[in-house]
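Asker: what would the 3D arrangement of this be:
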Amino acid sequence: MTLSIAIQHRFKGFALDVNFDAPPGVTVLFGPSGSGKTTLINAVAGLLRPDSGRIAAGDWVLMDTQARRFLPPHRRRLGYIFQEGRLFPHLSVRQNLAYGRWFAPRYARSEPMAHVVDMLGIGHLLDRRPGALSGGEKQRVAIGRALLAAPKLILADEPLAALDEGRKAEILPYFERLRDEVSVPIVYVSHSPAEVARLATTVVALKGGKVAAIGPAAQVLGDVGAVGARGAASVIRARVVAHHDDGLTELATAAGALWLPRLDGAPGAAIRLRIAAHDVILSRDRPQGLSALNILAGTIRDIHLGNGPGALVTLAFGDDTLTARITRRSATILGLAPGQTCHAVLKSVATAPEDVGTLRQHSTDRAPD
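Answerer: The predicted structure follows:
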């Protein structure tokens, strides 16, 4: 179901002017504070009535100023996941889930509760009340409640922002399953590059109330104009080859083998990795005598020189790319130029667990064999 948003709205000192179409899956609204993310999701929810525009999910038109159509929030068939679970404290988990089902229209096709409970791993929590749940468990229940309302669209407004890193790592796989197993489109607000890399089908980068970039995570996170040189990163595809006795997992990529601290995926699992540009070291020749296990050979596709002392060098490995952030001086000393073969050196420990996500098994975004 395609999500189409074209709206204009003016506040004192700020104007929102966006126009984009996003394919099915998770559309992440990404950008710094004040870029318009919350304003945009409030417009989709019906909490803000834009000056002009149109919002539709497939043939479900939420607003169209030309047609004088504006559905109030309670008629928009939305599932909303907030930063905090906002569960009813006097109800059990089972009753909170049933409350979501109560809002589902009788004619609507909804997910079976047993499937939702299994997908979110909350079967052992059904008889507990929210006060006895951790923050991550509350968010899983909140996801289930939103899904059981049979929504046509799910809105997630920075749902992990209130959680510590451990709880975020707990929740992210469930959002991946939601993306892969449920047909409902999701609009997900985030300012975390790691969340974007793991979850996004499409990234809409916002800056100053306008769309700075739109596309797959690998494309947008590598766009200096959208994320800035300091935030530049790469998203590459990989496949789990084996787990070794020394605690490392071997991955296959288009550029060769990668070794990371043990991952959860079974051999054959397709994953994608976010690698920050500042964690990549470049060498013209293949280096010898290093402790780093990950040395990937690629072809320099592009060199971007900023206004300061830095440079971004992008290497191509088949259809994947890897960006390194180095100094201009290093680029000059090495004599780097597009078309040259270059080696990227990565520390195995530089990739954090939150930067490793799953790929949709039926997706055209396939991992290398």
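
Asker: thought Leu163 was touching Arg140?
Answerer: No - the pair Leu163 and Arg140 does not pass the contact test of Cβ atoms under 8 Å, sitting 11.3 Å apart. Quick note: C-beta positions are derived from backbone N, CA and C, even for glycine.

Asker: mind listing the shared neighbours of these two?
Answerer: Taking Cβ atoms under 8 Å, 6 or more residues apart in numbering as the criterion, Leu163 and Arg140 both touch Ile171.

Asker: who has more neighbours, the two?
Answerer: Higher neighbour count among Leu163 and Arg140: Arg140, with 24 against 19, using other Cβ atoms under 10 Å.

Asker: so the more buried one sits in a strand?
Answerer: No - using DSSP: H, G, I helix; E, B strand; the rest coil, the assignment for Arg140 is helix, not a strand.

Asker: sheet-wise, list the partners of the helix or strand bottoming out on mean pLDDT in the chain with their directions.
Answerer: Least confident helix or strand of the chain, by mean pLDDT, DSSP states H and E, is strand 356-358 with a mean of 71. Neighbouring strands of strand 356-358 in its sheet, by DSSP bridges, are strand 270-276 (antiparallel).

Asker: centre of the chain to the partner strand, how far?
Answerer: From the chain centre to the centre of strand 270-276 is a distance of 11 Å (Cα atoms, centre = their mean, to the nearest Å).

Asker: how about stretch 257-268?
Answerer: Distance of stretch 257-268 from the chain centroid (Cα atoms, centre = their mean) equals 20 Å.

Asker: what are the buried residues along it?
Answerer: For stretch 257-268, burial by neighbour count (16 or more other Cβ atoms under 10 Å) applies to 258-260, 263, 265.

Asker: for the stretch 51-200 of the chain, which segments count as helices?
Answerer: Secondary structure of the stretch 51-200 of the chain (DSSP state H, counting those that start in this stretch): helices located at 93-102, 113-120, 135-148, 165-181, 193-199.

Asker: now these in JSON lines, with mean pLDDT?
Answerer: Listed next are the helices of the stretch 51-200 of the chain as JSON lines, based on pLDDT from 0 to 100:
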{"stretch": "helix 93-102", "mean pLDDT": "87"}
{"stretch": "helix 113-120", "mean pLDDT": "89"}
{"stretch": "helix 135-148", "mean pLDDT": "90"}
{"stretch": "helix 165-181", "mean pLDDT": "84"}
{"stretch": "helix 193-199", "mean pLDDT": "85"}
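
Asker: between the ones you listed, which one is nearest to Arg76?
Answerer: For Arg76, the closest of the helices of the stretch 51-200 of the chain is helix 135-148, at 12.9 Å, according to Cβ to Cβ.

Asker: model confidence over stretch 288-295, on average?
Answerer: Averaging pLDDT along stretch 288-295 yields 90.

Asker: how about the buried residues of stretch 257-268, which pair is most distant?
Answerer: Farthest pair in these (Cβ to Cβ) is Trp259 and Gly265. Separation: 14.2 Å.

Asker: ok, back up a step: who's in contact with the least confident helix or strand of the chain?
Answerer: Applying Cβ under 8 Å, 6+ apart, the contact partners of strand 356-358 are 172-173, 176, 180, 197-199, 260, 263, 265, 269-274.

Asker: now with 10 Å?
Answerer: For strand 356-358, the external contacting residues (Cβ atoms under 10 Å, 6 or more residues apart in numbering) are 169, 172-173, 175-177, 179-180, 194-200, 217, 235, 238, 249, 251, 260-261, 263-265, 269-274, 367.

Asker: any idea what Lys207 is bridged to?
Answerer: Lys207 has these beta-bridge partners by DSSP bridges: Lys210.

Asker: what does Ala242 give?
Answerer: Bridge pairing for Ala242 - DSSP bridges - gives Glu250.

Asker: and if you look at Val187?
Answerer: With DSSP bridges as the criterion, Val187 is bridged to Thr27, Leu155.

Asker: my read is that it contacts Ile5, right?
Answerer: Yes - assessed by Cβ atoms under 10 Å, Val187 is found in contact with Ile5 at 8.9 Å.

Asker: identify the contacts common to those two.
Answerer: Contacts common to Val187 and Ile5, judged by Cβ under 10 Å, 6+ apart, are 22, 27, 29, 40, 44, 57, 204.

Asker: neighbours of the first one, just the number please.
Answerer: Pointing back at Ala22 there. A count of nearby residues for Ala22, using other Cβ under 10 Å, gives 23.
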